[in-house]
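Chemist: Need coordinates for the following:
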Amino acid sequence: MNVTADELAGVVDLFGGLTRPELERALSEAAFRADGSSVDGAALEDAIEDAIAEFALVRYERDGTALLVPGPTAFPTVPDHAEDVPHILEIDRRRLDRDRLGKSTAERFVEAVDAALDGGGTDERLRQLLDVSYDVEAWAPVELTDERRRLEARLE
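Modeler: Numbering: from 1, shown residues only. So this is what the prediction gives:
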């Protein structure tokens, strides 16, 4: 089973947030329910890392547990046969502190901008981050004007 970033966000959204092992287990259940197949662990790991880089998934610390939650660029889509996974896994829906989630996502965004600017990120990556800045601001009560100016200055 191969999944998109939006499908990863859709699965974690069913629960509010999931740890990586829980996400893998949820997708394994969905794949098995769909056609008896399994999840390619390496492909899933790559898909998760790509979704994090694109801000479709964001990391969130809750009670000392690292969760993945839908991020500001995600359009959460539940994959076929995954809608019953919450009942199968028996994981209660997790509630998130939206202010704390917004703040940690903004901090992660600043780190991504710093890395792109310091590491000579491609114009494509800089434009992507510029677009993401608007998504983050619409998604959380944060201000990213300074980072946007830095990106725009590099792109000029």
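Chemist: max-length helix in this protein?
Modeler: helix 98-118 (DSSP state H).
Chemist: elements contacting that helix?
Modeler: Contact partners of helix 98-118 among helices and strands, from 3 or more C-beta pairs under 8 Å, 6 or more residues apart in numbering; DSSP states H and E: strand 57-62, helix 123-139, helix 145-155. Glycine gets a C-beta too; all of them are placed from N, C-alpha and C.
Chemist: and Pro141, how many neighbours?
Modeler: Neighbours of Pro141 under the rule other C-beta atoms under 10 Å: 10.
Chemist: centroid residue for this structure?
Modeler: Leu57 (0.3 Å; C-alpha atoms, centre = their mean).
Chemist: so who does the closest residue to Asp135 other than its chain neighbours touch?
Modeler: Spatially, and ignoring its direct neighbours in sequence, Asp135 is nearest to Pro72 (4.1 Å; C-beta to C-beta, 6 or more residues apart in numbering). Contact analysis of Pro72 by C-beta atoms under 8 Å, 6 or more residues apart in numbering lists 55, 58, 105, 132, 135-136, 138-140.
Chemist: Select from these the one having the most neighbours.
Modeler: Going by other C-beta under 10 Å, Val58 tops those with 27 neighbours.
Chemist: Just list the residues touching the nearest residue in space to it that is not next to it in sequence, thanks.
Modeler: Counting by C-beta to C-beta, 6+ apart, Val58 lies nearest to Gly71, which is 4.1 Å off, once chain neighbours are set aside. The contact partners of Gly71, by C-beta under 8 Å, 6+ apart, come to 9, 51-52, 54-58, 105, 139.
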